[in-house]
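Q: The sequence and its predicted three-dimensional model are supplied below.
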Amino acid sequence: MAPEGASLPIIDISSYVNPKASPESRQETAAALNRACIDYGFFYLTGHGIPESRLEQVISLARQFFALPLPEKNKIKRYDAGGPEGGDGARGYQGMGENVTQGRQDHHEAIDLYREWDMQKDDTKTPGTNKTLQGPNLWPEQPAELKPVYLEYIDQLQQVGKALVHAMGAALDLGPEAAEGTATREVEDEKVFVRNTDNSFWVMRLIGYPKLSHPAALDAAADELSCGEHTDYGCVTLLLADPTPGALQVLLKDGTTWLNADPIPGAFVVNIGDMIERWTNGLWRSTRHRVIHRGNGYRVSVPFFFEPNFDAVVKPLGKCVEKTGGEPVHEGNTYGEHLLGKVFSNFYG
Ligand SMILES: O=C(O)CCC(=O)C(=O)O
Ligand SMILES: [Fe+2]
């Protein structure tokens, strides 16, 4: 385990949320962010402007949903794409143990929400069925406030995501924003991530973790995992979790030390995903993490995955290739292709 008292860095993003902030304050934020991304790939995010009361409401509504009887939760069950139930293989409620990471069952249940499909639909399907990801979100009827509160929260999160990826572009020293009219999606200036996420194909998971019946001793490999070891496959994750300590653990760069990422009230736990690792040509790594819920209560977390646009081409940025020795780690493909590959392999399969 990590030395007692060790903790992830804290990044205050207010200088990028506030349009009037000084260049000096932005520079300071960008420098701190660069260090956090190099050293950890994980950090706490404060100064985002979403009130703590809203964060508490989001957790409480998710908790109320998971406390419902199973038949009620199964009203929004996720079904395979193309089937008679009208599922799209991705959206909806997933029961306990359906999620698999590295071939092992995870001990959690979840609702998965995605950006609504606003691109052309594949019309080669049988009428009344959906292609993968092309169905509507399945919102629970109960609790009734969940949908309106979450829709507003998702709008707020996208603003935070935008400020954060802007700061990331600055932290990589990609250069000032290109002149208006010349800034296409391919231009690699400090706004490159902002433009390639301006129609973010975001994902949100509401996750419920019951108490494990055979949790491992603190240092041992776990018998039962709440969520197995993985990296996140997208851009940046803004995680909101209830106060349960000791559940989320982050693997430090030494490759052996697990650090508890215990929640700080009002802050998000943020981590970078595989798309940022690819864009930065490995300068910033997506960090491995896992969940082993050893407490007695029922733990709730709500990660928001702020992802690239579905059609964004994600390939190593020239400046990052230069800084890392000149060999690109990937030839590039669209985020949509990458995501579909994940959906078909049960994500962390
Ligand atoms: O519940 C958590 O703390 C983290 C969940 C997670 O890592 C994920 O959903 O990718
Ligand atoms: Fe994760």
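A: Ah, there it is. Ligands and ions are numbered 1, 2, ... in the order given.

Q: packing partners for the helix or strand where L164 lies?
A: Secondary structure assignment for L164, by DSSP states H and E: helix 146-171. Applying 3 or more CB pairs under 8 Å, 6 or more residues apart in numbering; DSSP states H and E, we find helix 146-171 packed against helix 14-17, helix 23-39, helix 52-66, helix 192-195, strand 236-241, strand 299-306. In this view, the C-beta of every residue, glycine as well, is placed from N, C-alpha and C.

Q: Out of these, flag the one nearest ligand 1.
A: Of all those, it is strand 299-306 that lies closest to ligand 1, at 3.4 Å by CB to the nearest ligand atom.

Q: State the mean pLDDT of the helix or strand following that closest one.
A: Proceeding N to C from strand 299-306, the next assigned helix or strand is strand 313-314, under DSSP H and E. The average pLDDT within strand 313-314 is 98.

Q: Just want to check the distance between the closest residue to ligand 1 within the stretch 101-250 of the chain and T324.
A: For the stretch 101-250 of the chain and ligand 1, the shortest gap (CB to the nearest ligand atom) falls at L248, measuring 3.7 Å. To T324, L248 is 29 Å away according to CB to CB, to the nearest Å.

Q: got it, and L8?
A: L8 is 24 Å from T324, by CB to CB.

Q: Those two: who's more crowded?
A: More crowded of L8 and T324, by other CB atoms under 10 Å: L8, with 23 against 15.

Q: For that one, what is the enclosing helix or strand?
A: Using DSSP H and E, no helix or strand contains L8.

Q: who's in contact with S60?
A: By CB atoms under 8 Å, 6 or more residues apart in numbering, no residues touch S60.

Q: L146 reaches R63, doesn't it?
A: No: the criterion here is CB atoms under 8 Å, and L146 misses it with R63 at 10.7 Å.

Q: Between those two, which has more neighbouring residues?
A: The neighbour count for L146 versus R63, taken as other CB under 10 Å, is higher for L146 (21 against 17).

Q: still on that earlier bit, now the helix holding L164: buried residues?
A: Across helix 146-171, burial judged by 16 or more other CB atoms under 10 Å covers 146, 149-150, 153, 157-158, 160-171.

Q: before we move on, what about stretch 35-54?
A: Of the residues in stretch 35-54, those buried (16+ other CB under 10 Å) are 36-37, 40-45, 47-48, 50.

Q: Strand partners (parallel or antiparallel) of the lowest-mean-pLDDT helix or strand in the chain?
A: When the helices and strands of the chain are scored by mean pLDDT, DSSP states H and E, strand 100-101 comes last with a mean of 76. Sheet pairing of strand 100-101 (DSSP bridges) gives strand 104-105 (antiparallel).

Q: Quick one: list the elements packing against the next helix or strand after the strand it pairs with.
A: Per DSSP H and E, the first helix or strand lying C-terminal to strand 104-105 is strand 109-114. If you count contacts as 3+ CB pairs under 8 Å, 6+ apart, strand 109-114 packs onto helix 52-66, strand 92-94, strand 203-209.

Q: I'd like those as JSON lines, with distance to ligand 1 and mean pLDDT appended.
A: Output for the helices and strands packed on strand 109-114, formatted as JSON lines (distance: least, CB to the nearest ligand atom, whole Å; pLDDT from 0 to 100):
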{"stretch": "helix 52-66", "distance to ligand 1": "11", "mean pLDDT": "98"}
{"stretch": "strand 92-94", "distance to ligand 1": "12", "mean pLDDT": "96"}
{"stretch": "strand 203-209", "distance to ligand 1": "5", "mean pLDDT": "97"}
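
Q: In the chain, where is pLDDT below threshold?
A: By pLDDT under 70, the low-scoring segments of the chain are 1-5, 123-128, 214-223, 346-349.

Q: and if we set it to 80?
A: 1-6, 97, 99-104, 122-129, 181, 213-225, 344-349 (pLDDT under 80).

Q: Close to ligand 1: what parts of it are there?
A: 205, 207, 227, 232, 239, 241, 248, 289, 291, 301, 303 (CB under 6 Å from any ligand atom).

Q: Tell me what the spatially closest residue to the last one that is not a sequence neighbour is bridged to.
A: If I follow you right, that is P303. Sequence neighbours aside, L239 is the residue nearest to P303 in space, at 4.5 Å (criterion: CB to CB, 6 or more residues apart in numbering). Going by DSSP bridges, L239 is paired in beta bridges with V269, P303.
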